[in-house]
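S.K.: Everything below, folded, please.
(one chain, ligands or ions: 2)
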Amino acid sequence: MAEPEFDCDLFVIGGGSGGVRAARIAATHGARVMLAEESRMGGTCVIRGCVPKKLMVFASAHPLAAAEARAYGWSADLGPFDWPRFHGTLMTELDRLEAAYTRNAENAGVTIHHQRARIVDHHTIALADGRQFSTKTILIAVGGRPFVPDVEGAELAMISDDLFLMEQLPKSILLVGAGFIACEFATILAGLGVETSLAYRRDEPLLRGFDGELREMATEQLRALGVNVMLGTEPKSLAKADDGIAVVFNDGHERRYDAVLYATGRAPYTGDLGLEKTGVHRDGRGAIVVDEWSQSAVPSIFAVGDVTDRVNLTPVAIREAHAFADTMFGGRPRKVDHDLVASAVYLRPFEVATIGLTEEEAHDRGPVDVYAATFRPMRSAFAGSNVRALFKLLVDPETDRVLGCHLFAPDAGELIQLVAIPITMGATKADFDATMAVHPTIAEELVTMREPARRHRPDAVSERATA
Ligand SMILES: Cc1cc2nc3c(=O)[nH]c(=O)nc-3n(C[C@H](O)[C@H](O)[C@H](O)COP(=O)(O)OP(=O)(O)OC[C@H]3O[C@@H](n4cnc5c(N)ncnc54)[C@H](O)[C@@H]3O)c2cc1C
Ligand SMILES: NC(=O)c1ccc[n+]([C@@H]2O[C@H](COP(=O)([O-])OP(=O)(O)OC[C@H]3O[C@@H](n4cnc5c(N)ncnc54)[C@H](O)[C@@H]3O)[C@@H](O)[C@H]2O)c1
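M.R.: Ligands and ions are numbered 1, 2, ... in the order given. The predicted structure follows:
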């Protein structure tokens, strides 16, 4: 029998959401697969992202739950929060998940190298220990890294990775940024009793890119939680002080914080990967430019996940990876549609969740009918809360198709997952209307909104519905 031309069929760089899925599925299809991971198997999502973050969200929600319990007649007193105890359990859980990721890949037949990899040429990988392997195909799934702007003293600040390694909670913290991470950690840290401030450089509600009404409601909720939201504000310098970090802001005022966290976006992690000599194209942010098959400018080199900076979410990385493995090794060519991707921001007590066009985008695109319900949900209203939920559907008046859905509600992330199914299938407003409500729930609003709250028509002044 002839010797195989290459040491393996696929070499995956990165053992995160995308890399592990691609490696596992390719191996299941019969490919000879190697994978290199320089840190911990599972990557950002499992070790320093979605999973530990969501567990911290759960931890931070208990004071609110206790307050609600008291309003429902219980004499609930939680006592102080024990960070070391929670953190110990969290680390044990991450160890378990990391082991499961490793085991699942190995059981599928993947050979894992626990070290950094670099690309030598179109078909060769070098490991940090000096070994080299030839491979028919390379998949780059190295993810991203936090981006910290060039501000004096910024090296004193934490990045999101550090939040999961803290041995103690700070008494006070300044979060810089107003995206997913800043808003979620403002909720978490304020919920855990940390005196929390958030500086956003723009003078507008947080969560730019989300539907305008959701942004207003999310900003208001963070303030109600006790977060000191400072708009039009950014640090100009950070300096070590006896009692923490001294921050001077753009308007000249100075404040001390125990800790500062930069949550100012993430950049593709493509430095020192050996790409320079390969002919793989990168965009201005360093992201690998790929086509609809996740193929780079070099036919043997592919890339999936955050390193391609398409939609930087775990399920998207996993879908791209699975489609790549099916296409290349399973004889089932599949592309990924990035058009309709649902997402959620895990705030408390109400979450932000979204799919499709925002009202602003729909308005710019053409005519749109806006169905919206804002109300105080029964459960929290009974407990004395004035927080209002929002359910919004955007409908194309010509086709009746639902173009977008935006929710601000308890467990909105769970709800949007279900709404994403009919919307992805191309459901019309009539389909929603034909669905019988489940009562009493908050989600029944989705099928009971009869008249538009607004009708936007291009070149016409927004017409307020009369019903
Ligand atoms: C704090 C936080 C919270 C998040 N929360 C959510 C959420 O709730 N929902 C959601 O959908 N998404 C969330 N995300 C985004 C999500 O984590 C990413 O989109 C996802 O992990 C991307 O997967 P990936 O495979 O592209 O990269 P990663 O998971 O980052 O994996 C890349 C891996 O490659 C390794 N690596 C890099 N270079 C090399 C090399 N040269 N050699 C060997 N190994 C290398 C890295 O160590 C890493 O393990 C969150 C992100 C963060 C930071
Ligand atoms: N629930 C989720 O699905 C979830 C949660 C966390 C993270 N993520 C993913 O991780 C990515 C990274 O999260 P993120 O919050 O860091 O990024 P982001 O892109 O969501 O937000 C970045 C924020 O930093 C600000 N910023 C950027 N440059 C700045 C500068 N030079 N000075 C001051 N402010 C600046 C921006 O105005 C913005 O508010 C997200 O885009 C998302 O893809 C998803």
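
S.K.: drop to CA atoms for contacts and neighbour counts, all remaining ones
M.R.: OK.

S.K.: Torsion angles phi and psi at the spatially closest residue to Gly144 that is not a sequence neighbour?
M.R.: Closest residue in space to Gly144, ignoring its immediate chain neighbours: Pro268 at 4.1 Å, by CA to CA, 6 or more residues apart in numbering. When read as degrees, to the nearest 10, the backbone of Pro268 gives phi -60, psi 140.

S.K.: Pull the number of nearby residues for Pro268.
M.R.: Pro268 sits with 21 neighbouring residues when counted by other CA atoms under 10 Å.

S.K.: and it, what pLDDT?
M.R.: pLDDT recorded at Pro268 is 98.

S.K.: From ligand 2, how far out is it?
M.R.: Counting by CA to the nearest ligand atom, to the nearest Å, the gap from Pro268 to ligand 2 is 11 Å.

S.K.: Could you measure from that residue over to Gly143?
M.R.: Remark: distance between Pro268 and Gly143 (CA to CA, to the nearest Å) = 6 Å.

S.K.: got it, and Arg348?
M.R.: 28 Å.

S.K.: which one of the two has more residues nearby?
M.R.: Legend: neighbour count by other CA under 10 Å for Arg348 and Gly143, higher for Gly143 (29 against 24).

S.K.: residues bridging contact with Pro268 and Gly143, i.e. touching both?
M.R.: Residues touching both Pro268 and Gly143 by CA atoms under 8 Å, 6 or more residues apart in numbering: 306-307.

S.K.: Check whether Gly384 really touches Tyr72, as I assumed.
M.R.: No - assessed by CA atoms under 8 Å, Gly384 is found out of contact with Tyr72, at 10.0 Å.

S.K.: dump the residue contacts of the residue nearest to Gly144.
M.R.: Contacts of Pro268 by CA under 8 Å, 6+ apart are 142-145, 285-287, 306-309.

S.K.: out of those residues, which are buried?
M.R.: 142-145, 286-287, 306-309 (16 or more other CA atoms under 10 Å).

S.K.: now those as CSV including secondary structure and distance to Ala182?
M.R.: Formatted as CSV, those follow (DSSP: H, G, I helix; E, B strand; the rest coil; distance: CA to CA, whole Å):
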residue, secondary structure, distance to Ala182
Val142, coil, 23
Gly143, coil, 19
Gly144, strand, 17
Arg145, strand, 15
Gly286, coil, 23
Ala287, coil, 23
Asp306, helix, 19
Val307, helix, 21
Thr308, helix, 23
Asp309, coil, 19
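
S.K.: Which ones, among these, also lie beside ligand 1?
M.R.: Applying CA under 6 Å from any ligand atom, the subset of these adjacent to ligand 1 comprises 142-144, 306-307.

S.K.: Would you mind listing the buried residues in the longest helix along the chain?
M.R.: Counting by DSSP state H, the longest helix found in the chain is helix 83-107. For helix 83-107, the neighbour count (16+ other CA under 10 Å) marks 87, 90, 93-95, 97-98, 101-102, 105-106 as buried.

S.K.: Work out for me the element Ser75 sits within.
M.R.: Under the criterion of DSSP states H and E, Ser75 resides outside all helices and strands.

S.K.: What count of nearby residues applies to it?
M.R.: As a burial measure, Ser75 scores 11 neighbours (other CA under 10 Å).

S.K.: Not counting its neighbours along the chain, what's nearest it?
M.R.: Here the residue nearest Ser75, using CA to CA, 6+ apart, is Ala69, at 7.6 Å.

S.K.: And the one you found, how far from ligand 1?
M.R.: Distance check for Ala69 against ligand 1: by CA to the nearest ligand atom, it reads 27 Å.

S.K.: Double-check that that residue belongs to a helix.
M.R.: Yes - the assignment for Ala69 is a helix, going by DSSP: H, G, I helix; E, B strand; the rest coil.

S.K.: and the contacts of Pro268, which two are the farthest apart?
M.R.: For these, the maximum inter-member distance is 14.6 Å, found between Val142 and Arg285 (CA to CA).

S.K.: Give the burial count for Gly271, as a bare number.
M.R.: By other CA under 10 Å, 9 other residues sit near Gly271.

S.K.: Make residue 1 into 28 and carry on from there
M.R.: Happy to do that; since the first residue is 28 now, the last one works out to Gly298.

S.K.: That one - that's part of a helix, no?
M.R.: No - the assignment for Gly298 is coil, going by three-state DSSP, so no helix is present there.

S.K.: List phi and psi for it.
M.R.: With angles defined as degrees, to the nearest 10, Gly298 sits at phi -70, psi 150.

S.K.: cool, Glu472 as well?
M.R.: Main-chain torsions, Glu472, degrees, to the nearest 10: phi -60, psi -30.

S.K.: separation between it and Glu32?
M.R.: 60 Å.

S.K.: For those two, work out which one has more neighbours and name it.
M.R.: Ranked by neighbour count (other CA under 10 Å), Glu472 and Glu32 place Glu472 first, with 19 against 10.

S.K.: Please tell me I have it right and that one contacts Thr401.
M.R.: No - Glu472 is beyond contact range of Thr401, at 9.4 Å (criterion: CA under 8 Å).

S.K.: residues shared between the contacts of those two?
M.R.: What both Glu472 and Thr401 touch, as defined by CA under 8 Å, 6+ apart, is the set Phe418.

S.K.: Check the separation of the first and last residues in stretch 128-139.
M.R.: Using CA to CA, the two ends of stretch 128-139 sit 11 Å apart.

S.K.: Going by neighbour count, which residues in the helix or strand that Pro90 is a member of are buried?
M.R.: Element membership for Pro90, per DSSP H and E: helix 89-98. For helix 89-98, a neighbour-count test (16+ other CA under 10 Å) marks 90, 93-95, 98 as buried.

S.K.: Need the contact partners of it.
M.R.: Applying CA under 8 Å, 6+ apart, the contact partners of helix 89-98 are 102-105, 218, 376, 407, 409-411.

S.K.: how far does that helix sit from the chain's center?
M.R.: Averaged C-alpha coordinates place helix 89-98 at 28 Å from its chain's average position (CA atoms, centre = their mean, to the nearest Å).

S.K.: so Gly70 touches Gly42, yeah?
M.R.: Yes - using CA under 8 Å, Gly70 is in contact with Gly42, at 5.9 Å.

S.K.: rewinding a little: other SSEs contacting the longest helix of the chain?
M.R.: Packing contacts for helix 110-134, counted by 3 or more CA pairs under 8 Å, 6 or more residues apart in numbering; DSSP states H and E, involve helix 44-55, helix 70-75, helix 77-87.

S.K.: Would you mind listing what in the stretch 278-427 of the chain touches ligand 1?
M.R.: With CA under 6 Å from any ligand atom as the criterion, the stretch 278-427 of the chain meets ligand 1 at residues 300, 332-334, 339-342, 344.

S.K.: Get me the contact residues on the stretch 228-377 of the chain for ligand 2.
M.R.: So far as CA under 6 Å from any ligand atom goes, the stretch 228-377 of the chain lies against ligand 2 at 228, 290-293, 339-340, 370-373.

S.K.: residues touching Ile146, list them.
M.R.: Contacts of Ile146 (CA under 8 Å, 6+ apart): 152-153, 300-302.
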